[in-house]
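>>> Can you look at this prediction? I've put the sequence above it.
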Amino acid sequence: MDPAPAASAHPLILTLDMHGVPHRWVSWQHAIFYYAKDLVAWPAGETSFTFRGGVSRTTGSRSEIVTNSIIAIKGKALPARSFSQVPPLNNRELFHRDRHVCAYCGGEFSSQRLTRDHILPVSRGGRDMWMNVVTACRSCNQRKSGCTPDQAGMELLYAPYVPNKAEYLILSNRHILADQMDFLVRHVTVNSRWKPS
Ligand SMILES: [Zn+2]
């Protein structure tokens, strides 16, 4: 899976495949490329952005291109990758998945004060994967140390889960537009903490 492009002054454009399934974030330049090559199947968002190009020597008019905030891309334009791929595990997305809440004390902390806790410690054969990690504050992580929650007498306040593609797209972009968020939230799984209650 591609890492999300760096956030810039312009919002990222959400692309979908021909089934309307969220695919990935692209820069507006990339979206304009899709428009120019006639690869946009349909727009699905409520927001449009207009970009102005150079002035044509023959007509004297300024070129203009409009991109929608969510666009479906015609089949062959999308790289053939598995849509069911497990998103890579990063602290930023992990803390975001767990909404910056420590799984042991329930406190909400800034990223600097959070750690990735392996429920079954790596020293005991625990693996570094979504289902074995939760967000923990530094002091809870220290208290738990190389123990399982049971051994440390600590209880998990929430269960880990693997984010699906749509949720990963939410987690990996900090500047999501309202219509893009609405669209993605409809595609997250029921166990997601991003599911509206
Ligand atoms: Zn804690």
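Received the coordinates, thanks.

>>> can you map out the strands along the chain?
13-16, 22-26, 40-43, 48-55, 62-68, 70-73, 114-118, 133-137 (DSSP state E).

>>> I'd like those strands laid out as JSON lines, including distance to the ion and mean pLDDT.
Bear in mind the C-beta positions are built from the backbone N, C-alpha and C, glycine included. Below are these laid out as JSON lines (distance: least, CB to the ion, whole Å; pLDDT from 0 to 100):
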{"stretch": "strand 13-16", "distance to the ion": "34", "mean pLDDT": "95"}
{"stretch": "strand 22-26", "distance to the ion": "32", "mean pLDDT": "92"}
{"stretch": "strand 40-43", "distance to the ion": "44", "mean pLDDT": "95"}
{"stretch": "strand 48-55", "distance to the ion": "42", "mean pLDDT": "82"}
{"stretch": "strand 62-68", "distance to the ion": "42", "mean pLDDT": "86"}
{"stretch": "strand 70-73", "distance to the ion": "37", "mean pLDDT": "95"}
{"stretch": "strand 114-118", "distance to the ion": "9", "mean pLDDT": "98"}
{"stretch": "strand 133-137", "distance to the ion": "3", "mean pLDDT": "98"}
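
>>> Could you export the ones you listed as JSON lines, including mean neighbour count?
As requested, the strands of the chain are exported to JSON lines (neighbours: other CB atoms under 10 Å):
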{"stretch": "strand 13-16", "mean neighbour count": "24"}
{"stretch": "strand 22-26", "mean neighbour count": "23"}
{"stretch": "strand 40-43", "mean neighbour count": "16"}
{"stretch": "strand 48-55", "mean neighbour count": "11"}
{"stretch": "strand 62-68", "mean neighbour count": "14"}
{"stretch": "strand 70-73", "mean neighbour count": "22"}
{"stretch": "strand 114-118", "mean neighbour count": "21"}
{"stretch": "strand 133-137", "mean neighbour count": "25"}
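
>>> Would you mind confirming that residue 64 makes contact with residue 50?
Yes: Residue 64 lies in contact with residue 50 (CB atoms under 8 Å); the separation is 6.0 Å.

>>> list the contacts for residue 144?
Applying CB atoms under 8 Å, 6 or more residues apart in numbering, we find residue 144 in contact with 104, 117, 136, 152, 154.

>>> same thing with residue 50?
Counting by CB under 8 Å, 6+ apart, residue 50 has contacts 64-66.

>>> Among those residues, which one lies nearest to residue 20?
residue 66 (20.6 Å; CB to CB).
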